[in-house]
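Mind folding the following:
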Amino acid sequence: MAIAIYPGSFDPVHLGHVRIVEAAATIFDQLIVVAMQNREKKGFLSIEKRQELLKTSFEHLDNVVTDSSTGLVVDVAKALNADAIIKGLRSSADFEIEMQMAQTNKKISQINTVFIPTDPEYSYISSRFIREISSEGGDISGLVPKPVSDLLRRGLANNE
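All right, here's what the predicted structure looks like:
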């Protein structure tokens, strides 16, 4: 059984992430979407809220489960017996950064990275822009899954 993890901050998860998960779910027997916590950053949404939103956003996919973690992605991958790490690409700039990370991860863990390009209609979306738009009361409903839109519309980010 081929297992992959798709790590990210997902702060918040958006439709570009959803399409990457849907694509990866057709390639691997099991996909584990892991909300990662960067200890150096205060999250917009708590790690628990992010994992909850991931779970509701991927309920339609039978072979996708969610988790959350801190630390190194390769350690998480090993702990979950993953065969691969999934990385979504929006642009050539993403590729440059992700390729360097993939090569480092391969060197220290022997775990391969699989790159999946996002669909062109989602290539401009970033969690950072969603946070900014939402913080100013803008409409993000066309950028994120409904559970995320509903939560942010209620203004429950850091004040959950």
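
Distance of residue 122 relative to residue 69?
Counting by Cβ to Cβ, to the nearest Å, the gap from residue 122 to residue 69 is 25 Å. Every residue, glycine included, has its C-beta placed from N, CA and C.

more neighbours, those two?
residue 69 (20 against 17; other Cβ atoms under 10 Å).

Could you measure from that one over to residue 151?
22 Å.

Same check on residue 32?
Applying Cβ to Cβ to residue 32 and residue 151 gives a distance of 22 Å.

Grab the CA positions of stretch 114-126 and hand them over as CSV.
Output in CSV follows, covering the C-alpha atoms of stretch 114-126 (Å, rounded to 0.1, in the frame of the first residue of the first chain):
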residue,chain,number,x,y,z
VAL,A,114,6.2,14.1,-5.6
PHE,A,115,5.4,17.5,-7.2
ILE,A,116,1.9,18.2,-8.3
PRO,A,117,1.2,21.4,-10.2
THR,A,118,-1.9,23.2,-9.2
ASP,A,119,-4.7,23.9,-11.6
PRO,A,120,-4.2,27.2,-13.4
GLU,A,121,-7.4,28.7,-12.0
TYR,A,122,-6.0,28.3,-8.5
SER,A,123,-2.4,29.2,-9.1
TYR,A,124,-2.7,32.7,-7.6
ILE,A,125,-4.3,31.7,-4.3
SER,A,126,-2.2,31.8,-1.2
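
any idea how far that stretch is from the chain center?
Relative to the chain's own centre, stretch 114-126 is displaced by 12 Å; criterion: Cα atoms, centre = their mean, to the nearest Å.

again with stretch 89-107
Relative to its chain's centre, stretch 89-107 lies at 15 Å (Cα atoms, centre = their mean).

Format the CA atom coordinates belonging to it as CSV.
Written as CSV, here are the backbone C-alpha positions of stretch 89-107 (Å, rounded to 0.1, in the frame of the first residue of the first chain):
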residue,chain,number,x,y,z
LEU,A,89,3.5,23.9,-7.1
ARG,A,90,2.0,27.2,-8.3
SER,A,91,4.9,28.6,-10.1
SER,A,92,8.5,28.2,-11.0
ALA,A,93,9.4,30.1,-7.9
ASP,A,94,7.7,27.4,-5.8
PHE,A,95,9.6,24.8,-7.8
GLU,A,96,13.0,26.3,-6.9
ILE,A,97,12.3,26.3,-3.2
GLU,A,98,10.5,23.0,-3.1
MET,A,99,13.2,21.2,-5.2
GLN,A,100,15.9,22.3,-2.8
MET,A,101,13.8,21.0,0.1
ALA,A,102,13.0,17.8,-1.7
GLN,A,103,16.7,17.1,-2.3
THR,A,104,17.6,17.8,1.3
ASN,A,105,14.7,15.6,2.5
LYS,A,106,15.8,12.8,0.2
LYS,A,107,19.4,13.0,1.4
